[in-house]
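A.B. asks: Give the three-dimensional model of this entry:
(2 chains)
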Amino acid sequence: MFKKILIANRGEIAIRIIRACRELGIEAVAVHSEADAGALHVRFADQAVCIGPAPAAQSYLNIPALISAAEVTAADAIHPGYGFLSENPHFAQVVEKCGLAFIGPSSEVMRLWGDKLRAREAAAKYGLPLLPGSDALQDADHAVEEAKRVGFPVMIKARGGGGGRGMRMVREESEVRRAFESATAEASAAFRNPELYLERFLEKPRHVEFQALADSHGQVWTLGERECSLQRRNQKLVEEAPSPAMTDELRSSLGEAIRRALRETGYVGLGTLEFLMDTDGSLYFMEMNTRVQVEHPVTEMVTGVDLVVEQIRAAAGEKIDLPDTRPWRFRGHAIECRIMAEDPETFAPWPGAITEYHPPGGAGVRVDSGVFGGWKVPSAYDSLLAKVIVHAPTREQALARMQRALDEYIIGGIRTNIPLQKQLLADWEVKAGKMTTRTVERILAERRAARE
Amino acid sequence: MDIPLEALKNLIATLEESGVHEFEYEDEKSRLRLSFGAPAAPAYVAPAPALAQGPSGQPAAAVAEQDDASIAYVTSPFVGTFYRSPSPEAEPFTDVGQTVRPGQTLCIVEAMKLMNEIESEFSGTVLEVLVPNGTSVEFGQKLFKIKKS
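C.D. replies: Sure thing, here's the model as predicted:
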């Protein structure tokens, strides 16, 4: 087992990882930019190293600084968290080359699953359902040809992309060329890889993702799914487990294919396979995230598994000891709301000083957060302040519990999206468990219309 | 002093909360002056206030200023290990009392096996060497205190 882990991240996920380290008896090293000198993760850690000025490129994304910090603190492993360098195969490789353990899959396996086309290929090979789609698009002509073959509407996507960027939806042939050109430009700029492919576009899908865990002894678990359909501009707002749309049958058959795919590709650690579900209930593989996810707590609540602890164990080469239940038996229902520092109406980011802070508590309430009263939320990073997670015996009770918890949450001095979250959870489609990735859009449009 | 301790404590608490930096009171019998360090330092060690505002962004060492405008600090632009000499047997690049010129190498900060020479931005005299030889330094950590000339 590792003696000391350097956490190459900040905010709530850094604290999450420090907590797992504490419980495993591992020393935790926090790194921070100058803007984060007073941050909570710095104060929680056993040691802290300032690695650069505020801009992420010079601090949290600064590979030499991170490696150097690991060297001077004699850390033996680096945990990349989510975002930042967590899915950067070059970083994983540098860490490996420097004789440190990277808490995640190997750089080779990360490269495979991070390349959307190779991932599609692997998924198909192991029996995961795919949307009709193309290989790499050679040029605009090829794009037109493939779009016609696959059938409109199509989504042009970046091979090296993810997180909803570098995508263009095309409804008819006349739009293909322009979309191809602008997507190429965006992909070049954002991912330094102009390569594109395309897939059939689903109008009103649900976003369902599966949590997998694999150790280096050939064992793989699928720990059930999460539904993350409530999104705005491809940013998740609310997540829940289990998905109201899933059945045990689907869990079994998909679980089989997922476990095979991970085992055969030599995957070690936590991985999440994202799917889109069509209106007829068919599931299609989208992409795999080779890291711990923001919304991992909802899976933890309904399965009782500490995912970060198991992730660290897997990276340390330990044989994980979890029961073999297929499909996994859930206990109750969990919902997570992401609390963002932004105006609930305009979505403008709202950095600034938090004057008063009191998180919710009570039965079945968990708060994962990096903020505290007196903390100045910096403008240099994403606006996630906290995650409120509730757990209750049924979905209906979980919704009521979340409303109650959000009502109790006091964050003074800045604006947050708490009012929006309350509105989302009160919506009829959400209460009925019938939401899709278009639901938030509809609710916002209705809100605007009601104002006029 | 005539002011009761409780009253003084309350006064200090009220002033601190209000963000006042200096307070002076004088009458026929006594004079009271309170000066609060700005900003309020937390209980743990944090980088000097001036550093938190603006990094230099240059490869040469960043410099922060204190109350006395002629004092400057040379800070580390990297995370790494601080060495005073080009090699273990060699003489240190500089020492207390020595003069330095802009561009002159003051020390090495080694990061990932690369020896980075840290140069002075100013002319002046070395007042203090703030870090022992061979210790780890973080970004922004003060290395030398220099009296500018």
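
A.B. asks: First-to-last residue distance for stretch A:205-224?
C.D. replies: Using C-alpha to C-alpha, to the nearest Å, the span of stretch A:205-224 from its first residue to its last is 19 Å.

A.B. asks: per-domain residue ranges of chain B.
C.D. replies: Listed by automatic domain parsing, the domain ranges of chain B are B:5-35, B:59-148.

A.B. asks: got it, and chain A?
C.D. replies: Domain segmentation of chain A under automatic domain parsing yields A:4-103, A:132-200, A:206-451.

A.B. asks: For the last one, give the mean pLDDT please.
C.D. replies: Along domain A:206-451, the predicted confidence averages to a pLDDT of 96.

A.B. asks: now the first one
C.D. replies: If you average the pLDDT over domain A:4-103, you get 97.

A.B. asks: Likewise for stretch A:154-163?
C.D. replies: Mean predicted confidence for stretch A:154-163 is 87.

A.B. asks: Next, the buried residues of that stretch.
C.D. replies: Buried residues in stretch A:154-163, counted by 16 or more other C-beta atoms under 10 Å in any protein chain shown: A:154-162. Glycine gets a C-beta too; all of them are placed from N, C-alpha and C.

A.B. asks: Which single one of those is nearest to residue A:60?
C.D. replies: residue A:162 (18.1 Å; C-beta to C-beta).

A.B. asks: And the strands in the stretch 301-450 of chain A, which stretches?
C.D. replies: Using DSSP state E, counting those that start in this stretch, the strands of the stretch 301-450 of chain A run over residues A:333-340, A:352-353, A:357-358, A:365-369, A:376-377, A:384-392, A:410-411.

A.B. asks: so which of the ones you listed gets nearest chain B?
C.D. replies: In terms of C-beta to the nearest C-beta, the element of those nearest to chain B is strand A:376-377, at 10.4 Å.

A.B. asks: Just the ones of the buried residues of stretch A:154-163 in strands?
C.D. replies: A:154-158 (DSSP state E).

A.B. asks: possible to save these as a markdown table with distance to chain B?
C.D. replies: Output for these, formatted as a markdown table (distance: C-beta to the nearest C-beta, whole Å):
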| residue | distance to chain B |
| --- | --- |
| A:154 | 44 |
| A:155 | 40 |
| A:156 | 38 |
| A:157 | 36 |
| A:158 | 31 |
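
A.B. asks: quick revisit: adding mean neighbour count as columns, could you present the domains of chain B in a markdown table?
C.D. replies: Listed next are the domains of chain B as a markdown table, based on neighbours: other C-beta atoms under 10 Å in any protein chain shown:
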| stretch | mean neighbour count |
| --- | --- |
| domain B:5-35 | 10 |
| domain B:59-148 | 17 |
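
A.B. asks: Return the most buried member of the domains of chain A.
C.D. replies: Sort the domains of chain A by mean neighbour count, taking mean count of other C-beta atoms under 10 Å in any protein chain shown, and domain A:4-103 sits at the top with a mean of 22.

A.B. asks: okay, how far is it across it, tip to tip?
C.D. replies: Domain A:4-103 stretches 12 Å from its first residue to its last (C-alpha to C-alpha).

A.B. asks: how far does that domain sit from the chain's center?
C.D. replies: Domain A:4-103 has its C-alpha centroid displaced from the chain centroid by 18 Å (C-alpha atoms, centre = their mean, to the nearest Å).
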